[in-house]
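Undergrad: quick check, what structure comes out for this input:
(chains A and B)
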Amino acid sequence: MARLPPPIPTGEDFEFSGFPDEAYARAISSRRSNSVFTYLFRLVRICALTCVLGTLVAAVFGWVWLRDIGAFRIEPNRLKAITQYKPADNSVVYDREGKKIGEFFDTYHVFVPFREMPKDLVNAIIAIEDRSFWTHKGYDPKGMLRAALIFLKGGHHEQGASTITQQVVRHFLLPHERTLSRKVLEIALARQLEKQLSKERIFEIYANALFLGNGAYGVGAAAWRYFGKPVRSLDPHESAVIAGLFQSPSRYNPKKFPDRAKARQRQVLTAMAQAGFLSPVKAKEMTNRPLVYKEYRPLNTLIAPYFIDYVKEQVPLLLGEKIATPDNHGLRIYTTLDTKLQGLAEQAVSESSELLNRAGEMATSIREEDGSRHQPKIEAAILATDPATGEILAMVGGRDYNQTEFNRTVQSLRSPGSSFKPIVYSAALAQGKKWSDVVYVSPVTVAGVYRPRGNDEDLLTETTLLRAFYRSMNQPTVELGASVGIEKILDHAKNLGIRSPLKPEAGTMIGGSDVTMLDLSRVYSTFANSGTLVDETAILKITDRSGKVLYQAPEVVMRARRVVSEQHAALMTEGMRMVLIAGTGVKSSALSEMAVGKTGTSNESTDNWFCGYTPALTAIVWVGSDEHTQLPGTSAGNTLALPIWDLFMTKSFTVRPPVPFKKPDGIVSARVHPRYGHKTANGVTMYFMRGQEPPEEPSALENLEEGSGRYRDVFSH
Amino acid sequence: MRRRNRQVSSLTLSILGLVVVMAFGCVTRKASKSRPLTLKNQDPVLSMDNLAAGGPSNVQKRAKPGSTATLPKPTPRAVEKPTDRLTDKPEPNNDKPEPPPTKMLSCQDVVKRITGSYKSIAALRSPQNAGQTGDIQKRVLSYTASDCSDADKRRAVIKTMHELLDPSEGKVGLFVSQSGSDYRMSQAVIKGARAAFNESGDDFDKRVVVMDTGGNPAGAQRVLADFVLRERVALVIGGANQPEAVALASWADRLFLPMIVLTDKIPGVTSKLVFRSYPKESELATSLAKAAQSRSIKRIAILKPSDGKGAQFAAAFREEAKEKGIEIANELTFIRGDFNSMETCGKTVFKIDVTERHDEYEELLKQKAAEAEAKGQTFNPRFVFLKPVVDVQAILIPDDFKTVRHFAKIFKYLGVERMSLLGNQAWRSVALIDPPEPAMEGSIFTDFIGNYTLIPQALQVPTSRSPYFIEPQSVADVDFGIVAYRAGWAAAQSLKAPLKVRHRLTKNLIALRGESKSFWGPGPVFDKDRQTTWPSFVFIVDADRITLETGTVAH
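TA: Numbers count the residues shown, from 1 in each chain, chains lettered A, B, ... in the order given. Just a heads-up that it's a prediction; the model follows:
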């Protein structure tokens, strides 16, 4: 006799713990009937009751569960991440003619509107991912059942159980764990999403937002990364590859697993055929087509990689707190880069490889530690600017961006050597010195501690300032600078655009303080621009993706200031012309009609410079090694940097034809003896402020030279 | 008129002389066939005997006053018939107060020596000029010993000789080199001489015959031959370069020809017929030494170029300095234009020798290295120099302004910011002070020209910056022009006094005194060495000018 359960307690000490168990039911029923029929009837009744009760219980539990997971309370805002989806967009960099030359992104996106997607691509995705996409309401019961059956049979499903809508929901809103609750919620959200967005929009989001491997998000990005072309140019068999990536981008990555990708493509094409998007024959034909993957080369590294880096650094500086980095901000950055000049600059460097490699071989040294030979990598950099506007036109920060991203035009502080001398001479000319002033070239010491080296051949000779300048003599420069005053020289250098800190010591006058190429570019551009310094800029304008202007470069007039008189700038230009005609740059004398410049070699010949300009273009060329290795045989800066500068400038004339330098009022020219500073028909052309012309009468020094080397040697011995 | 009077006077004397000679001939013929021709000669150097003895090199040795070793003593008879035209009276020579004994030459000796000399010089003439010989000279050249065989012939010979040496026509030969590098100097010489003659009231073009020597001794001798055989000059001026001067001077005694050479030294020549119109380097050195002494300079170094230029000046200075109690600490030689050589001189003078002061240098290296480390600077031993030891108060550099400027900078490089430098006329150029060289302030130099506006008017050129500078291309012209001017003036003045024989012009030259307002001032024109007297000027170098030191102009 089964014992009756105790009466159901009531009150706070007890809680309802469920239905009476089976034994309890049997006990009750045994009290009422003992007949078989009755038993059977009871059994049926019990079963039915149990089913009903079970269903009820299940329904209650299901309801509670669904309520808990939020399936009944899907607020419109919950889908906001999808409905208000704004496709991530790279910030794009354009050259001065509006050509795209770079892009900034954290994740690589190339947004493609649905209307621009090729039909084959859409069909391929539909076929392999959600064949009933256009008809279902967010979820596909048949598909789910089919997937479940296949799963139970232990097979693999060709189609996922999730619809495209569900995948969108999952991608944006749900965690990636595989649980029933997530699945149910996914269905619920998908159904809701279908109510809010059109099928096309959902597909568009799906096709653009999902990661497809190799750093690409969306079909547009994938098309570039795998096939190197826009999505509109994809062939159907290529679209099939991309469509196959949605399920598992890493597993089917064509770059890493081309065989898997091919197999997946076959599946997609088969699915397309099954779905009626392709005829079986066409599908087979597509399958047989070879897949040609393009090596992905980021755009940023293709045209002006160092410049793109520089622009990326500049954007936050220009936009202030608004944007810490331009990545994926959809900015449109319009730069000053002249792609043609950039190409010519790159070409000039690459065509000089033999020269640079040879220099590297000459600089090969033996390591003390192990006796091994060490050949330094000789680097070269070019910075080209428009002196009239300060716009950076070309920037080559090194020979190979893939090997080193260090931008030597703006990041490298190097000794300018003699390329600093125009600053000293221009300060002296402004103080009233003139090119024909005579200097006795002897060793000099400054403050008894600094003894610059020079060319021994020049010692105990006499020279005009111009000749000392174009032959790049150190001692006269230091002497001249000392007469002007080091403080004044440093102030003048700052005015001319040197932003790097300069050491207040005599060595600075011959390049003892490190500067950047950009520093020197400002200086030489000032002379090229008739004495007016225009602050450099690489960016003309920045807008957001809607075209709203976030930054506009100030007008040139706002960035310009006169730092040298027009006349003195012209004197410097003519002085630098002599560098090419008769000085250390004479190897490029053919350019002297159009361009001028100055060589520079740092102490110990670790840096080799040529800085030159036309009125339309300033070009600074540096050659050296990042290890500051001495470059043998490069004493005058004309062995490495000058040939590259020559190459670049000559090529540049096709893009920026040279124009004559202005000859301002107030300067006059005269033929002057280069050593003794008096007028002579056989002399070199020197320019002077009007009224400063030298005398006609020969110097006594010339008497010394032209006679027997004697002067007033009247007594016989 | 004066000239005509002189000519008349000369003519009278010639006739008188001829009479005397004839009488002399008679006497001698009576006395002895081989009686020598008597010549009264109170200056052995000018004596016929000495001339016959050969070249100038032997002149002094054999020309001691009173020496008659090879000549017979003169007889009273011979003296009573003086052949004035071939006799020289005592000169008013201060250094030779004792009149030398009279010497006599026989006709044969006269022929042998004068004709011989003329034949010798004639042999040097260029063939195309051989026909251009004066009548008198032709006669002289034609004489042989047989022309002394009888009295008539002897008289004729002596007469011819008198005519030959008669300076009454008073032509002056001017040697110049009109070609090559000497051309400009020659133009300056002509200009200077022309100015002198013209300013002396003479006519340069009539008085002076200018001929081109080609700038070499042989050419000079060819010209000399033309001067004596064609022009019968009374005096020659020239020899602006030493080889020419030596070549010419060697003929002075043999040809009885006074010469004013335009050079300061003619080695081996002591002929008293040879005068020199030139400043004296030793005088300049003396002035400089005096200037140094006045600055209480006690210790000096001398740096002189290796090619010998300036060596004489340095030697003269050294002697003078010793006399004045100035010590010469170093006397070093440098190679002009060679930095290492010049720097070594500086290092030696200032005792910057790493090997000699090795310990001190090592200590200094350590000290500088530590200082650099403390300041975080890179230590470069190249910048470490021993401190100079400056124990001289001045350095004499008898070289040009260029060398001295470079030296000043080398001294600065060695750590000597300022040093008094001493120099000579080769310093004087605008280039010495332009651009200014502060290290040279207070330096001094001497020159034989002071204020350029005070030199003879005809030689003046535009000055540059101050009266002490002229344009460099004019410097040599003025230097040589003023030397030639001095010679021309002396020649012109000497020819003004009447003379019977040309070699007596020396008397006039020695007696000459300057004009008080002239550049050279009053006083004898030639000193005891037969060299023109010349003032010396001391200049002080300031930052951007030179100034003439007051009271140091020495005559």
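
Undergrad: count of residues packed around B:E356?
TA: The tally of other residues near B:E356 (other CB atoms under 10 Å in any protein chain shown) stands at 12. C-betas here are computed from N, CA, C, even on glycine.

Undergrad: ok, now A:L145?
TA: 11.

Undergrad: check the stretch 101-250 of chain A for the residue nearest chain B and tell me.
TA: A:F104 (40.0 Å; CB to the nearest CB).

Undergrad: from B:M161, how far out is that residue?
TA: 118 Å (CB to CB, to the nearest Å).

Undergrad: more neighbours: which of these two?
TA: B:M161 (26 against 21).

Undergrad: I'd say the more buried one and B:I114 touch.
TA: Yes - the criterion here is CB atoms under 8 Å, and B:M161 meets it with B:I114 at 5.9 Å.

Undergrad: which residues do these two both contact?
TA: Jointly contacting B:M161 and B:I114 under the rule CB atoms under 8 Å, 6 or more residues apart in numbering or on different chains are B:V140.

Undergrad: nearest residue to the residue nearest the centre of chain B in space, please, no chain neighbours.
TA: The centre of chain B sits closest to B:D264, judged by CA atoms, centre = their mean, with a distance of 2.7 Å. Closest residue in space to B:D264, ignoring its immediate chain neighbours: B:Y278 at 4.1 Å, by CB to CB, 6 or more residues apart in numbering or on different chains.

Undergrad: where does the one you found land on pLDDT?
TA: Confidence at B:Y278, expressed as pLDDT, is 92.

Undergrad: torsion angles phi and psi at it?
TA: phi -170, psi 150 (degrees, to the nearest 10).

Undergrad: can you pull the contacts of it?
TA: B:L262, B:T263, B:D264, B:V483, B:Q531, B:T532, B:W534.

Undergrad: so which bits of the stretch 401-550 of chain A are right by chain B?
TA: A:437-440, A:442-445, A:448-451, A:453, A:456, A:459-460, A:462 (CB under 8 Å from any CB of the partner chain).

Undergrad: from those residues, which land in helices?
TA: Among those, DSSP state H puts none in helices.

Undergrad: show me which of those are buried.
TA: Buried residues within these, counting neighbours by 16 or more other CB atoms under 10 Å in any protein chain shown: A:437-440, A:442-445, A:450-451, A:459-460, A:462.

Undergrad: pLDDT-wise, what's the bottom of these?
TA: Of all these, A:Y450 has the smallest pLDDT value, namely 75.

Undergrad: so what's the residue nearest to it when sequence neighbours are not counted up against?
TA: In space, and not counting its chain neighbours, A:Y450 is closest to A:A506: 4.5 Å by CB to CB, 6+ apart. Applying CB under 8 Å, 6+ apart to A:A506 gives the contacts A:V446, A:A447, A:Y450, A:P452, A:V478, A:G481, A:A482, A:I486, A:G512.

Undergrad: buried only: go through those residues for me.
TA: Buried among the contacts of A:A506 (16+ other CB under 10 Å): A:V446, A:Y450, A:P452, A:V478, A:G481, A:A482, A:I486, A:G512.

Undergrad: which one of those sits closest to chain B?
TA: Distance to chain B across the buried ones among the contacts of A:A506 (CB to the nearest CB) is lowest for A:Y450, with 6.6 Å.

Undergrad: show me the beta-bridge partners of that closest one.
TA: Here A:Y450 sits in beta bridges with A:V446, as judged by DSSP bridges.

Undergrad: I figured it hits B:F383, correct?
TA: Yes - counting by CB under 8 Å, A:Y450 does reach B:F383; the two are 6.6 Å apart.

Undergrad: can I assume B:L421 sits in a helix?
TA: No - the assignment for B:L421, made by DSSP: H, G, I helix; E, B strand; the rest coil, is strand rather than a helix.
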